[in-house]
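A.B. asks: Structure of the sequence below:
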Amino acid sequence: DCYGRAGDDIELRMPVGTIISDYETGEPIADLTTHGERLCLAQGGVGGWGNIHFKSSTNRAPRQKTNGKPGERRKLKLELKVLADVGLLGMPNAGKSTLITAVSNARPKIADYPFTTLHPNLGVVRVGSERSFVIADIPGLIEGAAEGAGLGHRFLRHLQRTGVLHLVDIAPFDENVDPVTDAKAIVNELRKYDEALVEKPRWLVLNKVDMIPEEDRKKVVADFVKKFKWKGPVFEISALTGLGCDKLCYSLQDYLDSVRKDRDDADERAVDPRYQESLIPKDKTPD
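C.D. replies: You can find the predicted model right below:
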């Protein structure tokens, strides 16, 4: 007269941005990009039924039963890619943590030695009362990161979801350090890790310009841009003093708002049947 009791559901809470794939085959299963999203990864077992459940008016002493079935067993790989609008990329001690502290609510550890940041830090940058974006501080890269040197290679995957700010220390204390060489090394590591990262929208942010005499600043920046062969947006800032940070944040917000509007317009056109009908050529009326 027994029956198999259904087990309680086991729910695992995952951070938004988690990618779930099959460990053996690598086949992607889900990408959790929305807060509150739920999915079933493995079905539970089915309980069996004892002979009493087959009793009836014509079968007073049933001998049959059904066996239960075990639940599914799966080996899964969970990978987190942070959902940020902007990612900070640069060498150790370029000032990434100082910048995210200056412009957002994040409070990462800041110190004057390399690899102070050991994991990504997220901060919300508020531009006005109703506009904001999320910024991620990625641990610093060094040459050879794509092959495993340093720490940053572990976190490059987080940049695959973001636009990228390439932060450069334009005034290093060590005279033997060349900012152009460091900047090129970062781009090379991106290319070796994933060619698509190099093609992502990327802005150049030259930090610590307050360390350069004001009369020399324009020439130093121009020389860097020329040697680096940079054609994109350039911002001069001091994360420590706040110089240029407001301009950078407002420009980022305007850019992100524009990207979101274009994306929303594209989604609207994709589901609007009137737009689809306008793409269908009408038959010409015969003469």
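
A.B. asks: Would you verify that S258 is located in a strand?
C.D. replies: No: under DSSP: H, G, I helix; E, B strand; the rest coil, S258 falls outside any strand and is assigned helix.

A.B. asks: list the contacts for it?
C.D. replies: With contact set as C-beta atoms under 8 Å, 6 or more residues apart in numbering, S258 has no partners. In short, each C-beta sits where N, CA and C put it, glycine included.

A.B. asks: That one and L39, how far apart?
C.D. replies: Shown here: S258 relative to L39, a distance of 33 Å by C-beta to C-beta, to the nearest Å.

A.B. asks: now swap in P28 and tell me
C.D. replies: P28 sits 12 Å away from L39, going by C-beta to C-beta.

A.B. asks: what do you get for V220?
C.D. replies: V220 is 53 Å from L39, by C-beta to C-beta.

A.B. asks: which one of the two has more residues nearby?
C.D. replies: V220 (17 against 9; other C-beta atoms under 10 Å).

A.B. asks: The nearest residue to the more buried one once chain neighbours are set aside and D262, how far apart?
C.D. replies: Among residues not flanking V220 along the chain, I212 sits closest, at 5.4 Å (C-beta to C-beta, 6 or more residues apart in numbering). Using C-beta to C-beta, one obtains 37 Å as the distance from I212 to D262.

A.B. asks: quick one, domains of this structure?
C.D. replies: Domain ranges of the chain: 1-80, 86-266, per automatic domain parsing.

A.B. asks: Need these in JSON lines (columns: mean pLDDT).
C.D. replies: What follows is the domains of the chain, written out as JSON lines (pLDDT from 0 to 100):
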{"stretch": "domain 1-80", "mean pLDDT": "78"}
{"stretch": "domain 86-266", "mean pLDDT": "83"}
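
A.B. asks: Highest mean neighbour count out of these?
C.D. replies: Most buried of these by mean neighbour count (mean count of other C-beta atoms under 10 Å) is domain 86-266; its value is a mean of 17.

A.B. asks: Let's see the distance spanning that one from one end to the other.
C.D. replies: Start and end residues of domain 86-266 are separated by 22 Å (C-alpha to C-alpha, to the nearest Å).

A.B. asks: Thank you kindly, that will do.
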